[in-house]
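Asks: Sharing a model that was predicted from the sequence below.
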Amino acid sequence: MGENYKRREEQKELIRKFEEQLKNKSYGFYDIETYEEIIDFYLDHGNYKKALRTCNIAIEQYPFSTEIMLDKAQVLSNLESFEEALEILEKAEQFQPNDYEILLLKGHIFSMQSTFDDAIVAFEKALPMVEDKDECYYNIGLAYQNKSDYKSAIYHYKKAIEANINHESALYELAYCLDVTGELESSLAYYQQFIDQDPYSYFAWYNLGIVFNKLEKYQDAIEAYEFAVVIEEDFASAYYNMGNSYMHLKKYTKALDAYRKTLDYEGPSAEVYCSMGSTYQKLNQLELGIKYFRKAIKLDKMYGEAWFGLGLCLCKQERFFEAVHFLSKAVKFAEQNAEYWQLLAEAEFKTGNVVSSLDAYQEAAVLNPESAETWLNWSFIYYEQGDYTRAVNIVNTGIEEMPVAAELYYRATAYLISDGKYKEAFNLLEQALVLDFDKHEDLLEFFPKLETQKALFKIIDQYRQSNL
C-alpha cells in the first residue's frame, strides 16, 4: 500500500510539472516511457484533448517512435477522428510491419467504423503474432456477428474458448449467437463437455447456467450457479445471475438473498442495487424499492433503469407529480425504451398534463407499435375529452399495426357507439367477436348503464347463437 501511495504521489508530481511547463510554454525533454505515462494518465481520466496535445509534443521529439504513434492513434479514435488515426497507423506499420498492436488497433477502429471486413483482415493478420489468441479470436467473432454472419461468429467464439475457457465475453456472445440461430438447445452438450473435462471448473458451471437461463430453464440454471458458488464461494457473478433466475420464477425472497451475496463479495454496484429495488417493488415493499433505486442512482446517475424503477414505485404509491420527475430522467437516458415513455405518459395524465401525456404516448407508439395498452390509453384521453373521431383514428392505427388484437376492436366499437355511429360499431364488434369472443366483457364494462348493456348483450348473444 505504501509503494502504491508513493507511486501515485510521483505521478501527481510528474503531471503537475508537465502542466506547469505547458503553461509557461517551456517544453521539457522526457523519455518515451515518461510521455507514455503522461498520455495514459490523461486517457484514464478521459481528458483526450490534453492527451492529444501530449502526443503531438512527444512526436516532435520522437518522430519515428511507433509507441507514440500508437498512443496518438488511440487518442484520435477516442475522439472519433478515425481516418486520421488510421493514417497514423499506416505510417507506423511502415516502420514496424510485424507489430501486432498496430494491427489490433486498426481492427478495433475498423469495427468502430462498421467496416467489419477490414477489421477481420486486420485481426486475422495479427492472429499468428499475438500471445492472447483468445482475445483476437473473440474480436474476429464480434466482427462477424456485427455482419450478421452468426455461423462464422460461432466458429471464432469457440476458438476463443478453446484458447481460454474463462473468456467470459466469448462465452456470453457464443450463447447469444447460438440462440439467434436456434442451436442453443442442441449446444448443451458443447457446454457440458467443459464440465466433463473439469468437474471443478466453476466457470464451466456458470456458463452452463447462462445457457439454461437463456433457454428459460431457470431451475436448471439455479442448480448450475449453485455448483459454481460451492466451488468458488466468492463468485459474485454467479450469485447475481442466480438472483435473476429466481426473479423469473417469482421467488423474490431467494432472489434478494442472492443479490445480497453479490454485494458481500463484489461490493456496491448500481446494477445490483437496481435489481434489489425491482425485487422489493415486486414484493410491493415500495419504500424499500425506492431506497435501493436511490442507491443505484447515487452510484450511477445515468442508469435509466433505476430512474424508471423509482418512478414506477412512486406511481404505485399514486405520487404522480414526483414520479414525472424521475420518469423524465429515465427517458432522457433511455430514449428508445417504449415502456419508459408509456409510464411517463400515464403519470403525466394523472397530474393533468394532457399535452405532455399525448406526446409521450406518441413516442411510445412509435417505439413499440405492438403494445395494445399504448393505443388504448392514448385514445382514451381523446375519448374523455369528447373527441371521438381522434380516439377512433388512434385505435384504428393500432389495428393496422395489430390486426388480431381483439381488445382494440372492442374499444373502437365503444368509441363509435358513444359517437352514435352504430353501423360502423356493429361491423367492428362482429370482427372483435370472431377474434376473441370472451373479451366482449371489456365492452360491457365500458357502458355502465343497464339498458345499453342489455342491447349489446342481445347482439352478442345473437352472434353466439348463430355460431353454435
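Replies: Arrived safely, thanks for sending.
Asks: domain parsing for this protein?
Replies: Following automatic domain parsing, one gets these domains for the chain: 1-97, 392-468.
Asks: Now tabulate the ones you listed in CSV and tack on mean pLDDT and distance to Q113.
Replies: For the C-beta atoms, the positions are set from N, CA and C on the backbone; glycine is no exception. Conversion of the domains of the chain to CSV gives the following (pLDDT from 0 to 100; distance: least, CB to CB, whole Å):
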stretch, mean pLDDT, distance to Q113
domain 1-97, 82, 5
domain 392-468, 88, 35
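Asks: Show me the one of these that comes nearest Q145.
Replies: Distances from Q145 to each of the domains of the chain were compared by CB to CB, and the smallest falls on domain 1-97, at 20.5 Å.
Asks: of all the domains of the chain, which lies closest to L344?
Replies: Among the domains of the chain, domain 392-468 sits nearest to L344 (CB to CB), with 17.8 Å.
Asks: How far does that closest one sit from its chain's centre?
Replies: The chain centre lies 39 Å from the centre of domain 392-468; the measure is CA atoms, centre = their mean, to the nearest Å.
Asks: what helix or strand does the spatially closest residue to Y361 that is not a sequence neighbour sit in?
Replies: Spatially, and ignoring its direct neighbours in sequence, Y361 is nearest to W378 (3.6 Å; CB to CB, 6 or more residues apart in numbering). Using DSSP states H and E, W378 maps to helix 372-384.
Asks: after that helix comes which helix or strand?
Replies: Remark: after helix 372-384, the chain's next helix or strand is helix 388-401, criterion DSSP H and E.
Asks: Please name every helix or strand in contact with that next one.
Replies: helix 372-384, helix 406-418 (3 or more CB pairs under 8 Å, 6 or more residues apart in numbering; DSSP states H and E).
Asks: Pick the most buried one from the ones you listed.
Replies: helix 406-418 (a mean of 24; mean count of other CB atoms under 10 Å).
Asks: How about residues contacting that helix?
Replies: Contacts to helix 406-418, defined as CB atoms under 8 Å, 6 or more residues apart in numbering, come from residues 372, 375-376, 379, 383, 388, 391-392, 395-396, 398-399, 402, 422, 424-426, 428-429, 431-432, 435-436, 439-440, 442-443, 446-447, 452.
Asks: which element follows it toward the C-terminus?
Replies: Tracing the chain C-terminally past helix 406-418 and defining elements by DSSP H and E, one meets helix 422-435 next.
Asks: now the helices for the stretch 151-300 of the chain?
Replies: For the stretch 151-300 of the chain, the helices defined by DSSP state H, counting those that start in this stretch occupy 168-180, 188-197, 202-214, 218-231, 236-248, 252-266, 270-282, 286-299.
Asks: returning to what we had before: so which elements touch the helix holding W378?
Replies: Of the remaining helices and strands, those touching helix 372-384 by 3+ CB pairs under 8 Å, 6+ apart are helix 338-350, helix 354-367, helix 388-401, helix 406-418.
Asks: now the first one: how far from the chain's centre is it?
Replies: In terms of CA atoms, centre = their mean, the centre of helix 338-350 is set 20 Å apart from its chain centre.
Asks: Identify all contacting residues around that helix.
Replies: When contacts are defined by CB under 8 Å, 6+ apart, helix 338-350 is touched by residues 304, 308, 311-312, 315, 318, 320, 323-324, 327-328, 330-331, 334, 354, 356-358, 360-361, 363-365, 367-368, 371, 373-374, 377-378, 381.
Asks: Let's see that with 7 Å instead.
Replies: Outside of helix 338-350, the residues within contact range by CB atoms under 7 Å, 6 or more residues apart in numbering are 308, 311-312, 315, 320, 323-324, 327-328, 330-331, 334, 356-357, 360-361, 363-364, 367-368, 371, 374, 377, 381.
Asks: and what of the second one?
Replies: Residues outside helix 354-367 that contact it (CB under 7 Å, 6+ apart) are 336, 338, 341-342, 344-345, 348-349, 371, 374-375, 377-378, 381.
Asks: before we move on, back to that, with distance to S278 added, can I get the domains of the chain in a markdown table?
Replies: Written out in a markdown table, the entries for the domains of the chain read as follows (distance: least, CB to CB, whole Å):
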| stretch | distance to S278 |
| --- | --- |
| domain 1-97 | 30 |
| domain 392-468 | 27 |
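Asks: quick check: longest helix of this protein.
Replies: Under DSSP state H, the helix in the chain containing the largest number of residues is helix 2-24.
Asks: for that helix, packing partners?
Replies: When contacts are defined as 3 or more CB pairs under 7 Å, 6 or more residues apart in numbering; DSSP states H and E, helix 2-24 packs onto helix 32-44.
Asks: CA atoms of the following helix or strand past the helix it packs on as PDB?
Replies: Taking DSSP H and E as the definition, the helix or strand that follows helix 32-44 towards the C-terminus is helix 48-61. Taking C-alpha atoms only, helix 48-61 is exported to PDB below (Å, rounded to 0.1, in the frame of the first residue of the first chain):
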ATOM      1  CA  TYR A  48      -8.400  13.300 -24.600                       C
ATOM      2  CA  LYS A  49      -7.500  16.800 -25.700                       C
ATOM      3  CA  LYS A  50      -4.600  17.000 -23.200                       C
ATOM      4  CA  ALA A  51      -3.600  13.500 -24.200                       C
ATOM      5  CA  LEU A  52      -3.500  14.500 -27.900                       C
ATOM      6  CA  ARG A  53      -1.500  17.600 -27.100                       C
ATOM      7  CA  THR A  54       1.000  15.500 -25.200                       C
ATOM      8  CA  CYS A  55       1.200  13.100 -28.200                       C
ATOM      9  CA  ASN A  56       2.000  15.900 -30.600                       C
ATOM     10  CA  ILE A  57       4.800  17.200 -28.300                       C
ATOM     11  CA  ALA A  58       6.200  13.700 -27.900                       C
ATOM     12  CA  ILE A  59       6.100  13.100 -31.700                       C
ATOM     13  CA  GLU A  60       8.100  16.300 -32.300                       C
ATOM     14  CA  GLN A  61      10.900  14.900 -30.100                       C
END
